[in-house]
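*Asks:* quick one, what's the 3D model for this:
(chains A and B)
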Amino acid sequence: MKVGLVSPYDFATAGGVNDHVRHLAVQLQKAGHETRIFAPSSRSDVGFEAARFYRIGTPIAVPANDSVARITLSFHLANQVDAIVADEKFDVLHFHEPLMPALPMTMLRMSNTANVGTFHAFARSNIGYYYGRPLLKPYLGHLDRAIAVSEPARDFVNRYFPHFAMRVIPNGIDLNVYRPGLAPIRHLRDENVNILFVGRLEKRKGLGDLLRAYRVLNERVPETRLIIVGDGPQRGRVESYVQRHRLNNVILAGFVPDRVKPRYYSSADIFCAPATGAESFGIVLLEAMASRLPVVATEVPGYMSVLEPGKDSVTVPPKNWRELAASLVILARDAELRHRLADYGLNKVRRYSWERVAADVIEVYQQARKAHAAQPARELEVSGVHHAV
Amino acid sequence: MGEWTWRAFKVVQSFVARLPRPWAYALAVAASRIAWWFSPLARPRLEYNLTIACPELADDPKELRRISRLNFRNHAKAYADLMQLPRARVEAMRPRLKVQGWEHLEQARTIGKGVLVVSCHMGSYEEVAAIWSATLAPVSFFAEELEPRALFEWYRDTRARLGISVLTLDHGGIRKVLEALREQEMVITAIDRDITGTGHMMPFFGKPAPIPLGPAAIALRTGTPLFPVCVYRLPDDTYMAEGTALVIAESTGDGRADQERTTGLLLRRLEQFIQAHPEQWHVPHRIWEGGP
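*Replies:* Here you go, the predicted model:
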């Protein structure tokens, strides 16, 4: 099969959807399928060789879902896309966040091949979906099959578009990259119990709660260290909180390249994910479990679709730093409990391997192709390139 | 470095980190000129060390001044590299590194006991270490603990995000070095300065100087090959990592004599590196008795 993967987000910057696209591209190539990627990019060199990359549009930062989405809003995409799609003759076009402007929506309208959409996002509400329903619904009609990465992500779409069928296929994890026994960052392996946070430093990730909890933890169990991997708009506030409260043993690692990140997991004893909501899945939880780490996380729907509290994790209500602190204290003091949770998680995470996830996605592609073939020839809504913009 | 110097360093670092590389170098070169003119101790010490390493410079003050000015300039550029490290990407660094003597490194790795890379204070080691850590095996620096603590932590955390561990010259650090070598990793250290004050008097450029015997002692204990390497800057601001044949520490039963002999072999290689690139060997410290 020849598959085109379409991402709405700046492919030069890290993010859950783009990581998903990259891994899926690698797995599809491994399975013998030709793959191309379409995405906007702020750099010409996106550092990805596994599949041919088409840079479509220049991204701009748009506030979305308590975060910042770097997407293209260009009205001149259609000219570029039309020529490429006609030339490549795809068997399947796979749209990630198909209702995200402008690239996926433009391509979806222009496509006359089998279309698959994957919905990644979860939020408490979406004003765009709410008011844009009449406008967006026809786009869903162009999808032959749809996937959601978790049940919360599926429920979120169904809240605005009831009865729209989606199959849940979770995000995957590369078990060759994240595995126990990797070389740690050696100076981080000492008598301290290392608590690891990985994520963008923004409000919804709940780092403020973790810092408050760590303050309590460090008073009760002084041999602890908090390692914060990631960068973002809250960095200044995090630094000033650490200084103001004279927190010991806090490491702000900043942005860590993907190839080094697994070694930070390997240097940790506990993984903490204190998000306050708006998480559709939580790939970091899989990375932690694959690295044989016990997880302390908040009970947000996306995380709860992955975690089994008491078996692989300890969970606490979101925005409750006192309970977060209590859970961290218990785990920091109880190595046996840490090992038990970590072993269960390691065993469980195999079901999320990219090989399995990609096999499920390929099955959906085949269903989409059958469904597309069974339909009468779709009349293109775009008779000329300029009508599309 | 005091607390206020550290804070000033952090302000300058944040600024330099955001500059394009050529601008950062331009700033570094300007700073190096000021430092060369006004440093009360660094320049006399450096020039004294250079005349020991390259005796012909003692009779040619003009050439000595030129080499010393270039030395400050190269060192300032290395500082600019260091300041840009928190935003550096290995992919961008990779085209800037050339390697000579790769076959020796391959040979060392086939022995399967890790690699102890022994060097001197020359060039930007972070670039080499980050690239080797990404492509070959995890790399650790075996280095001094800087003052103040905040500077050392910044130094350590900045390297960690490139996959480089920083191990201190103490018992805990040595234990971790042994662990790293057991797991076939690479450890980089320099022996041209006695930082801990526990060095053994050895002839260095023909004159007795305190030199650490630690790397030789570790190699004798673990069988790890010693790989003498120097990293220097090329005129186009790329780097050359030049390695020479491995030094294999052999035990004769007399521990101290074995350490001295092995360290002597390493020093001879380092002397060749330094004599070939005196403008890059930045050691404005007291190495030999009788210096300023």
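*Asks:* wait, doesn't residue A:296 sit right on residue A:331?
*Replies:* Yes: assessed by C-beta atoms under 8 Å, residue A:296 is found in contact with residue A:331 at 6.3 Å. C-beta coordinates here come from the backbone N, C-alpha and C atoms, glycine included.
*Asks:* name the residues contacting each of the two.
*Replies:* A:270, A:314 (C-beta atoms under 8 Å, 6 or more residues apart in numbering or on different chains).
*Asks:* more crowded one of those two?
*Replies:* Relative neighbour count places residue A:296 above the other of residue A:296 and residue A:331, with 27 against 24, counting by other C-beta atoms under 10 Å in any protein chain shown.
*Asks:* correct me if wrong, but that one is in a strand.
*Replies:* Yes: counting by DSSP: H, G, I helix; E, B strand; the rest coil, residue A:296 is found in a strand.
*Asks:* so who does it touch?
*Replies:* Residue A:296 touches A:270-274, A:313-316, A:324, A:327-328, A:331, counting by C-beta under 8 Å, 6+ apart.
*Asks:* can you list those residues in a markdown table and add distance to chain B?
*Replies:* Shown next, in a markdown table, are the contacts of residue A:296 (distance: C-beta to the nearest C-beta, whole Å):
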| residue | distance to chain B |
| --- | --- |
| A:270 | 19 |
| A:271 | 18 |
| A:272 | 19 |
| A:273 | 20 |
| A:274 | 22 |
| A:313 | 26 |
| A:314 | 27 |
| A:315 | 30 |
| A:316 | 28 |
| A:324 | 24 |
| A:327 | 27 |
| A:328 | 22 |
| A:331 | 24 |
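*Asks:* in helices only, show me the residues you listed.
*Replies:* A:324, A:327-328, A:331 (DSSP state H).
*Asks:* which of the residues you listed lies closest to residue B:158?
*Replies:* residue A:328 (27.1 Å; C-beta to C-beta).
*Asks:* from residue A:340, how far off is the nearest residue to that closest one once chain neighbours are set aside?
*Replies:* Distances taken as C-beta to C-beta, 6 or more residues apart in numbering or on different chains put residue A:217 closest to residue A:328, at 4.8 Å, once the chain neighbours are dropped. Distance, residue A:217 to residue A:340, using C-beta to C-beta, to the nearest Å: 20 Å.
*Asks:* neighbour count winner among these two?
*Replies:* It is residue A:217, of residue A:217 and residue A:340, that has more neighbours when counted by other C-beta under 10 Å, with 24 against 14.
*Asks:* toward the C-terminus, what is the element adjacent to the strand or helix carrying the more buried one?
*Replies:* Taking DSSP states H and E as the criterion, residue A:217 maps to helix A:207-220. Later in the chain than helix A:207-220, the nearest helix or strand by DSSP H and E is strand A:224-229.
*Asks:* check which helices and strands that following strand sits against.
*Replies:* strand A:193-198, helix A:207-220, strand A:250-254, helix A:261-266 (3 or more C-beta pairs under 8 Å, 6 or more residues apart in numbering or on different chains; DSSP states H and E).
*Asks:* can you list the residues that contact the following helix or strand past that strand?
*Replies:* Later in the chain than strand A:224-229, the nearest helix or strand by DSSP H and E is helix A:235-244. By C-beta under 8 Å, 6+ apart, the surrounding residues in contact with helix A:235-244 are A:201, A:207-208, A:211, A:228, A:247, A:250, A:252, A:254.
*Asks:* any idea which of the residues you listed is closest to chain B?
*Replies:* residue A:254 (6.1 Å; C-beta to the nearest C-beta).
*Asks:* contacting residues for that closest one?
*Replies:* So residue A:254 contacts A:229-231, A:235, B:86, B:157, B:161 (C-beta under 8 Å, 6+ apart).
*Asks:* TSV for the residues you listed, including distance to residue A:164, pLDDT and neighbour count?
*Replies:* Shown next, in TSV, are the contacts of residue A:254 (distance: C-beta to C-beta, whole Å; pLDDT from 0 to 100; neighbours: other C-beta atoms under 10 Å in any protein chain shown):
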residue	distance to residue A:164	pLDDT	neighbour count
A:229	36	94	23
A:230	34	90	23
A:231	36	87	19
A:235	39	88	17
B:86	45	82	18
B:157	47	88	19
B:161	42	87	21
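*Asks:* quick check, nearest of these to residue A:82?
*Replies:* residue A:231 (37.2 Å).
*Asks:* ok, the closest one to chain B distance?
*Replies:* Here the criterion is C-beta to the nearest C-beta, to the nearest Å. By it, residue A:231 lies 10 Å from chain B.
*Asks:* do residue A:13 as well
*Replies:* Taking C-beta to the nearest C-beta as the measure, residue A:13 falls 12 Å from chain B.
*Asks:* list only buried entries from the contacts of helix A:235-244.
*Replies:* Using 16 or more other C-beta atoms under 10 Å in any protein chain shown as the burial test, those include A:201, A:207-208, A:211, A:228, A:250, A:252, A:254 as buried.
*Asks:* just put those residues in TSV and tack on pLDDT.
*Replies:* TSV is the format used below for those (pLDDT from 0 to 100):
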residue	pLDDT
A:201	90
A:207	94
A:208	94
A:211	96
A:228	95
A:250	94
A:252	91
A:254	86
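*Asks:* these: which two are farthest apart?
*Replies:* A:208 and A:254 (18.1 Å).
*Asks:* which helix or strand contains the closest residue to residue A:306 other than its chain neighbours?
*Replies:* Distance criterion C-beta to C-beta, 6+ apart; nearest residue to residue A:306, sequence neighbours excluded, is residue A:285 at 5.1 Å. Assigned by DSSP H and E, residue A:285 falls within helix A:283-290.
*Asks:* how much space between the residue in the stretch 1-150 of chain A positioned nearest to chain B and residue B:132?
*Replies:* Of all residues in the stretch 1-150 of chain A, residue A:47 sits closest to chain B, at 5.4 Å by C-beta to the nearest C-beta. When distance is defined by C-beta to C-beta, residue A:47 is 19 Å away from residue B:132.
*Asks:* many thanks, I have nothing further to ask.
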